[in-house]
Structure formats: structure tokens, C-alpha cells
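In: My questions are about this predicted structure, shown below with the sequence.
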Amino acid sequence: MMDTFAALAHGMAVAVQPMNLLYALIGVFLGTAVGVLPGIGPALTVALLLPVTYKLDPGGSLIMFAGIYYGGMYGGSTTAILINTPGESASMATALEGNKMAKAGRGGPALATSAIGSFVAGTIATIGLAFLAPWLVDFAVRFGPEDYFALMCVAFVTVSATFGDSPVRGLTSLFIGLTLGLVGIDKLTGQARLAFGVPELLDGVEVTTLAVGLFAVGEALYVASRRHHSEEKLEPVRGSLWMTKEDWKRSWKPWLRGTMFGFPIGALPAGGAEIPTFLSYSTEKRLTKHPEEFGKGAIEGVAGPEAANNASAAGTLVPLLTLGLPTSATAAMMLAGFQQYGLNPGPLLFAERPDLVWGLIASLFIANCMLLVLNLPLVGLWVRLLAIPQPWLYAGILVFATMGTIAAKPSVVELSMLAGFGVLGFLMRRFDFPIAPVVVGLILGPIAESQLRRALAISLGDPMTLLQSPISATLLGLALVALLAPFVLKGMGRFKANED
Amino acid sequence: MRQLISKARMSLENAPMFQFPARLVGAAVALTLAAAAPAFAQQLELKLMAPAAPGGGWDQTARSMQQALVAAGVARSVQVVNVPGAGGSVGIAQFVNGAKGDGNQLMVNGFVMVGALAMNKSPVTLEQVTPIARLTEEIQVIVVPANSPIKNAQDLAAAVKADIAKVTFAGGSAGGVDHVMAALFAGAVGADAKKINYIPFSGGGESLAAILGGKVTAGISGLSEYDGQIKSGKLRAIGVTSEKRIAGSDIPTFKEQGIDLVIANWRSVVAPPGITPEQRKTLSDAVEKMVKSDAWKEILKQKGWEDAYLGGDAFADFLKKETVRVTDVLRSVGLVKS
Amino acid sequence: MSSGDPAQTPRRVDRAGIVIAALLAATAAVLVWDARGLQSTSMYGMGPEAMPVVIACGLALLAIGNFVDALRGNLPARESADPLPVVLILIGLALLIAIIGFGGGFILATAALFVTTSAAFGRRAILVDSVIALVMSTLIYLAFDRLLTLSLPTGPLERLL
């Protein structure tokens, strides 16, 4: 342990050199600037910036990458809260409560809890990265396809937290998402499903296209259609711009719980950043003392998922640095960054280039602090954006929402899909179907399917493989309990009532 | 792992300081200079399509070419356009239809596109484009976990022959180079390639985890991707697919182990259909000049890519033969309907 | 959108609900039809057609559920909706797609979307909005295309810059 401390301290001393602080600042700034564009995640930014860093030395450019990564994650949540447009799939859960808070004039506390939560989670997770990485990675590679499938089952059960008041309509939304998840080339056999001969559909439905269409475009259409009832008056600030004592009290536990979800799942090679945010959201919804606020802007619903998505960002660095496993698009770009200097992340990296590894870990701390320093003062400014007159505000939102797609995939098919999802989002709002399960279905469906099929191919079609793995059996049991618990509790309650 | 960390600290104490010279301004200046281009540059203004999203292999190839073409003074400017989708199917369709007869456009492609076009029943084929040159290739490797009873290619061959269903191969996307290679391996050792149990994973990271965790029998990938694991002893390489041993490496080839399996993941560059022979010559010359430049060699070294330059008609021949071979293999494993 | 009378009696059959149920059933049918065209090339485990069939079954059940809800008139009451702004915004999106599809470039396309959306939200100063939109999208273009090297679609206006 002391060894780790010494190495980290050394790395920290390196990272706080003025030049490196500057790199971190540039990285965080660029990451936030591009991260606010829906559909352009941190990976694309890193990809675009890679050539610029050719002339930088390895340490400097990696520190900049760390800044971009964190900045990009944070930028995505800013738009999710302010204009209900998740910049990337991991900030979708944030939009659910965050935007409701912003509309109620509590955008300030929402942005603040998200920034501070990201900071807390990022810091804890980075400490975890420094101390637990070798142990965690041993656990992570033990996760086989059957275990991932079981994890997906747990995630599916928690989706019901986003269903609203009618299970039939909630499930309908989920199945629309699952159907969309089928579109494209089947990962295991290379055959096209539901592509109808359109080549652009072969790659499937992009999560951000769906999320931006349903959330941002759908919302704009819906608000426009109801304008004649009463002009929606947005008050940017109602009450305190900053978090009150009550807000702090309600935020700190979700931050910690979000981190507990985000970091280990992010470290799993196929864990991703979305699942921990859903798990965190549904956990907070169950544990909260203010269940009536959920769906109307509960601060726990912002604090938890935001912490979870940042912690998972640090988590993805665990397999990258210890095994050379890039488990997210951005991690893959960082790998490319390493390789450009002839460095191969992997078991040997810690031994061969400790200066770089600890420097990077230290710069993650720095990037995190930078993010807080850069963003908290901006909260006031961001919130004022909502004071823009409604016509311009929504026109701006639509321009912004389409721009991400235009830049990432400028095809007529993709833009038509965006518009189509907008109409779907509008109709779903109008007929009171929940939006979030559609996106959840699109994300989880394909993963669950391919992991199950991989597990079955390895076991030559024997479904018992799902119960033979201890991890999978435990997770499936957990899913079953979570599924049945509400019914059992209800039954017990009735039983007791009868007895009285 | 604990050992690793303490080792890390030891070398840390001896290592030179983790220093970052103030080069950002210098970088900006250098970039501006590069963009301004040397005075002897020709008037070539190229549009280079990477039929993939930013970040992947083709995109990196395209962006490296952009850098080298400008740095070598071959072109005045190069614009990289990303058209992602379906293993390049979307990109090539746009390229063939939209750039017809345009002598200032190029597209990066590679092995994976051959299979993708066949599997997606693409109306556009590689026969329609004008071949320019093969640029790089990567040698493939088969690995097993360090604690596997399989020690060499013959052991694996024996296992495949004993019960092909029980030998699970992890690798990249269905119909990609890893998949084709698994089928070729089975065929080369006399087993029924149709029956291979190939498990496609998305991205090298996921399949590597499955191999390290002992979930599958063997893994297939580009050599560079598993290099670190092989050197650290976590994975055992049982054979590479090159003709001869790679210099400085002690991994045996399949050929020397008596298995006829030679394959490489190549990347190339092609021009649109319908260009004049003069235009073709200009483009071929430009690419050849780039390949010979120091800037390109420097990039190859940085990225760890193998130079596999093959120009002119030789490349056109190669492309044809490779297309036939890959399509045959994919048909044999049932990915392409005959 | 036609049955949007808030004064509906709750027990009336909801026609929109019936349409939704029918759409779900149709989707289920499309899934099964599409899955039948797939070959089960996977020799081991589950083929590519299993999942679509499972989802189709789910959709069929949900179609029944929605149908029952609609018959009972269980759907939540809807307030009336004004179709005009919705159509205006959709025209804006269509314009955006068309301009980009025909190579009109980023600036014109986003400006068109901005002006129509703004009009949909009740502004009538189309000229002023056009100027604002053009200036804004030009600035966005410069910032993201030139400074951050995203490649945004170019048209006649972008080439002038």
C-alpha cells in the first residue's frame, strides 16, 4: 500500500506542474464544449484531437485526454438537465429528474449536485483505480457471457422504476425499444434483421439518435402542440441558485451509492456506463424519503446517476491500464493514444512506464478538480439560458439537437430517423407512454441477447450454464427477488391487514 | 500484481522525471506549417474517405495518410471524410456512385470490407473501384490462456479434429478476418470448417477478457493487440499467420508447424471507378511517393503497422484473389448464401 | 389527435387506443415475417431468429393489453392539441434534411429549422429571425468546423467562408 502511495504522490507532483495543469484545463474545456453537443461523445472528441497531440509528449497528451473524458461526460449532463437532451446515453437517467428540476426553477441545484456528485464519484473511483485495480481486474475477467446476461436481467428488473403508473404502457415502451434494438446486423451471425435493404440501417439504431429524437425533438413538438393552453413560463431560478442544506442532505448518500454502482460495473469489460445509471436511478427511487417527488424533479434522481456515470468512466480505466482492454470507445481512443508513442497498455505498462501510469492517475484527480472549478461558477450562467424567450429557446434546442447527428452521421436516413423518433416521442407523450424505457430497451436488449447467445454457444446449447456459474446464479437470484419482492410485500401487508 | 506495483515503484525511482516540456505552442506552430505545405507541393487536393467512424483502423489509416501526404509534399491538402456503416458497405456505395470519374478522391479499405460486402449482399462490389495500392498489413495470431493444456498448433489441431464443437474460438465480428481465419484453420487441419464454434465479440477488449477468464478455448486477433499479454506470459501464442517468422519474435508460424495457414489483415487505398489512366497514374504515383516518405515510415513505426506496399496491377490481382478466397470461406461457414 | 375532447366520458371506447393496439400487433407480425427470412446458421445455441420471435410474442400480448385498456376507456384523459405548430416544426425538419441531402450545407439547413421552429412557437418576425438564425449558424459552423475540426456538411455558403 505504501508503495502505491509513494508512486501516486510522485505522480501528483508531476501532474501539478504548471504546463500539465494547462493541458488538463484545455482538455476539460474542450471536452465540455464538445460534450454538450448531443451525439458527440468524448470518444469522438478524443479522436478528433489525436492528431493535434502528435507533437505533445505522451504525458501531456494523456493528461489532456483525461480532461476531455471527464469534461465530455459532464457536458452531456448539462444539456440533459437544462434542455432535456442527453448528450450521450449515460446521461439519460439524469434527464429524467434533472430536467424536471430545471423546469421548476431548480436547475441551479441540479447542475450543482451533478457537478459535485461527479467530483465526489470521480475522486473516489480514481482512488479505487489507484488501489484496487489489480484486484478488481482479476474479478472482472472472471465475468463470462452468462454472467453478463444475468447482470442484464438485474438491470431489466430495475427498469420498472421508470414505468410510471401503468405497467402495460411501461412494458409497451420497453418492447418498442427492444424492437428497435433488433434492427441491423446480428452480431453473432452477420445477418441483417429489420433492415429492409437500407444499408444505413445495417449498423442498427444509434442510442443517441433515439434519445435525442424522443427527448429533445419530441418535447419540442409536444410543448408546441399545447402552447394554446397556457404559455409555459420558465422561471430560471426559483428559491436558491445553490444547493440548500436540505439538498446536500439528500445528495450525499446517492453520490456514494452511485459510485458503488458505477465503478465496479465500469471496470467490467462489457459493463458500460448506462447500466449503473439505471441501477442507481431505480435504487434512489426505492430508497428515497420523498417518493412523491420522483417524476417531478427529485434531487436524488440526479445525484445518483451522475455519480454513477462518472465513477464508471474511471472504472473503464481499470481494464485499460492493467490489461490493455479498451472497454469503451473513449478507452479505445486512449489506447490509440498510448500506441502512438509506442506504449502498449497491458500487464507490462505498470512495470515499464510507471511514470506515465501514475501521472495519468494523478491527472485524473486534477481533471476532476478542474471540472469543478470550471463548472460551478458557470451554473448561474447556464441556468440563465432558460430565460431565453420560448420561440428562440426551442428553436435553439432543435438546432443543437440535430447538430450532433449532422456532425456524427450526416446522412439523410439518420436525420429522418431523428425526425421520426421525434414524432414517436411526441405521440408517446400525448398518449402518456413513458419515454425512458424505450431507450433502456434499445441499450439493454442487444447486449442481453448477444451475451445469452454467446453463453449458449460456448455451452453447446445447455441453458444450465446460467446456473452453474456462481456469479450468474447469484445475480439471477437477485433479479428474481427484486422482481417478486413488491408482490410479496404487498401480499404480506394484505395478510397482516386481514389479521388485524 | 502486487509484485508488479512494487516493481513499478522501483523503476519509478530510477526513471527520469515525468516531464512535459512546454511544447503546446510549438505544436500549434508545427501544425500551421504542415498545413501551409512545402513550396514544391503539387496542386493535388485530395478527398480521402474513411468508410468508418472516427477512431477505428480505417480512420486512423486515412488520417495517417492525410498527415504523410501533406508532409511529404505530395498533396496540397487532404480532407478526410468519415462515412461509417456496415463494415464499409455504406461508404463504398457512396464512393462508387458519388465520386465516379473524380481523379481527386480516394477511399481507404481493407480485408473486412471484402467479407462485409459479400455478407450484406451489397449491390456495389470491390470490382467496381479502381485499385491503387495495398499499404499495410497486420499478422494474425492464435492464443490460448497460459494455463491451457494446448501448447502448440498441433495440440489445437488435434483438439479440433477430436470434437470441433467443443473448441471455442473468440474473436472479432462475424465474417471478419478472425472468423475467416478460424474457418481456414479448421479447413487446413482437415476438419469440417462448417462446424467451427466461433464466438464473435464486439471489440478486442471483450474477447481478450473471455480468453483470459478461460471462457473459450482459443482467441484470434491481430498480433499487436495481444502482444503485451503474450510478453507478460498471461497468454500463450501458438502460432502466427505470416509466411516466415517475424524478426525478433519467438512465436512459430503455422507453416513451420505443418499447417498451411497464411493470412493477413491488410489495408489498402482505392480510387473511384471511371477515372482515366492518367488520373490513375497520378494517384498511384502520389501514393507511392507517400509510402516512400520518411513521414509515412515514422507513422508506421509509431502505430506498429507492417509496411505491405503493393502497387499497380499486382495489387489489382491480389484484390481479386483475396475476394475469391474470402467469399469461398464465408460461403463454407454459411455466412454467405451461395 | 382527433379524439382529443377533454369532456369525454371515461367509459367510452378510446379509438386512439385501438389504433395503438393495432400498430403493436402489426409490428409483431413484421417481426415474425422478418425473422422467417433469417437462416439459422448458428450451429450451436440460439439462432438469430429466436429473439425477434420472443419480442413479437411480447408485443402481441401488449397489443391485447392496450386493446383491453382502450375498450374500457382506461386511458388517461388528453387535452386538445394544436396540430399547426407540430406541422410547422416537422416542415422545418424536412427542410433541414432536404437541404443537407441536396448539398445546401449546414448553415442554410439549420437556419431553416430555426426559423420554422421559432414561427411554430408563435413568433411572426420571420425576417429578423432569419438574420439571427444565419448569424448564429454561421458562428456555430465556424466554431465547430474550423476550430474543433468536426466536419459539418458544406454548401455554397460554407465555401465562401
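Out: That came through, no problem. Numbers count the residues shown, from 1 in each chain, chains lettered A, B, ... in the order given.
In: residues contacting the residue nearest the centre of chain B?
Out: With distances taken as CA atoms, centre = their mean, residue B:265 lies nearest the centre of chain B, 4.3 Å away. Residue B:265 makes contacts with B:110, B:111, B:112, B:137, B:138, B:140, B:177, B:222, as judged by CB atoms under 8 Å, 6 or more residues apart in numbering or on different chains. In this view, the C-beta of every residue, glycine as well, is placed from N, C-alpha and C.
In: So it, which state does it fall into?
Out: strand (DSSP: H, G, I helix; E, B strand; the rest coil).
In: Kindly report the same for residue A:213.
Out: Going by three-state DSSP: residue A:213 is helix.
In: Who's the closest spatial neighbour of it, skipping the chain neighbours?
Out: residue A:421 (2.6 Å; CB to CB, 6 or more residues apart in numbering or on different chains).
In: Need the pLDDT of that neighbour.
Out: Looking at residue A:421, its pLDDT is 95.
In: Kindly provide the distance from it to chain B.
Out: 18 Å (CB to the nearest CB, to the nearest Å).
In: Doesn't that residue lie inside a helix?
Out: Yes: counting by three-state DSSP, residue A:421 falls inside a helix.
In: residues in contact with the most centrally placed residue in chain C?
Out: When CA atoms, centre = their mean is applied to chain C, the residue found nearest the centroid is residue C:90 (8.8 Å). Residues in contact with residue C:90 (CB under 8 Å, 6+ apart) are A:221, A:419, A:423.
In: among those, which ones are buried?
Out: Those of the contacts of residue C:90 that meet the buried threshold are A:221, A:419, A:423, by 16 or more other CB atoms under 10 Å in any protein chain shown.
In: burial count for the residue nearest to residue A:221 when sequence neighbours are not counted?
Out: Spatially, and ignoring its direct neighbours in sequence, residue A:221 is nearest to residue A:426 (3.8 Å; CB to CB, 6+ apart). Residues within reach of residue A:426, counting by other CB atoms under 10 Å in any protein chain shown, total 26.
In: Quick check: residue A:426 is in a helix.
Out: Yes: Residue A:426: assigned to a helix according to three-state DSSP.
In: Tell me if I'm right that residue B:90 and residue A:195 touch.
Out: No: using CB atoms under 8 Å, residue B:90 is not in contact with residue A:195; the gap is 11.5 Å.
In: neighbour-wise, which of these two wins?
Out: Neighbour count, other CB under 10 Å: between residue B:90 and residue A:195, residue B:90 has more, with 27 against 20.
In: re the thing from before, does the residue nearest to residue A:221 really touch residue A:222, like I thought?
Out: Yes: distance between residue A:426 and residue A:222: 5.2 Å, which falls inside the contact criterion (CB under 8 Å).
In: Where does pLDDT dip in chain C?
Out: C:1-11, C:40-43, C:148-150 (pLDDT under 70).
In: 90 instead?
Out: For chain C, the stretches with pLDDT under 90 are C:1-17, C:35-50, C:69-83, C:100-106, C:121-126, C:136, C:140-161.
In: In it, which residue sits nearest chain A?
Out: Using CB to the nearest CB, the closest approach of chain C to chain A is made by residue C:45 at 3.1 Å.
In: What's the local residue count around that residue?
Out: Residue C:45: 22 neighbours (other CB under 10 Å).
In: Got the phi and psi for the closest residue to residue A:465 other than its chain neighbours?
Out: Of all residues not flanking residue A:465 in the chain, residue A:459 sits nearest, at 3.7 Å (CB to CB, 6+ apart). Backbone dihedrals for residue A:459, given as degrees, to the nearest 10, come out at phi -90, psi 10.
In: same thing with residue A:389?
Out: phi -50, psi 140.
In: Using CSV, write down the CA coordinates of the helix or strand hosting residue B:206.
Out: According to DSSP states H and E, residue B:206 maps onto helix B:204-212. What follows is helix B:204-212, C-alpha atoms only, in CSV (Å, rounded to 0.1, in the frame of the first residue of the first chain):
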residue,chain,number,x,y,z
GLY,B,204,-10.8,-6.8,-29.0
GLY,B,205,-11.2,-5.9,-25.3
GLU,B,206,-14.2,-8.1,-24.7
SER,B,207,-12.8,-11.2,-26.4
LEU,B,208,-9.5,-10.8,-24.6
ALA,B,209,-11.4,-10.9,-21.3
ALA,B,210,-13.1,-14.0,-22.3
ILE,B,211,-9.8,-15.7,-23.2
LEU,B,212,-8.1,-14.6,-20.0
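In: Could you pull up the mean pLDDT of the helix or strand that that helix is followed by?
Out: Using DSSP H and E, the next helix or strand after helix B:204-212 towards the C-terminus is strand B:218-222. Averaging pLDDT along strand B:218-222 yields 90.
In: could I have strand B:218-222 exported to PDB, CA atoms only?
Out: Output in PDB follows, covering the C-alpha atoms of strand B:218-222 (Å, rounded to 0.1, in the frame of the first residue of the first chain):
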ATOM      1  CA  ALA B 218      -8.600 -20.100 -28.000                       C
ATOM      2  CA  GLY B 219      -8.600 -16.500 -29.200                       C
ATOM      3  CA  ILE B 220      -7.800 -15.000 -32.600                       C
ATOM      4  CA  SER B 221      -6.700 -11.400 -33.200                       C
ATOM      5  CA  GLY B 222      -4.100  -9.200 -34.700                       C
END
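In: Does the next helix or strand after it reach chain A?
Out: Downstream of strand B:218-222, the first helix or strand assigned by DSSP H and E is helix B:223-231. Yes: for helix B:223-231, a contact with chain A is found by CB under 8 Å from any CB of the partner chain, at B:224, B:227, B:228, B:229, B:231.
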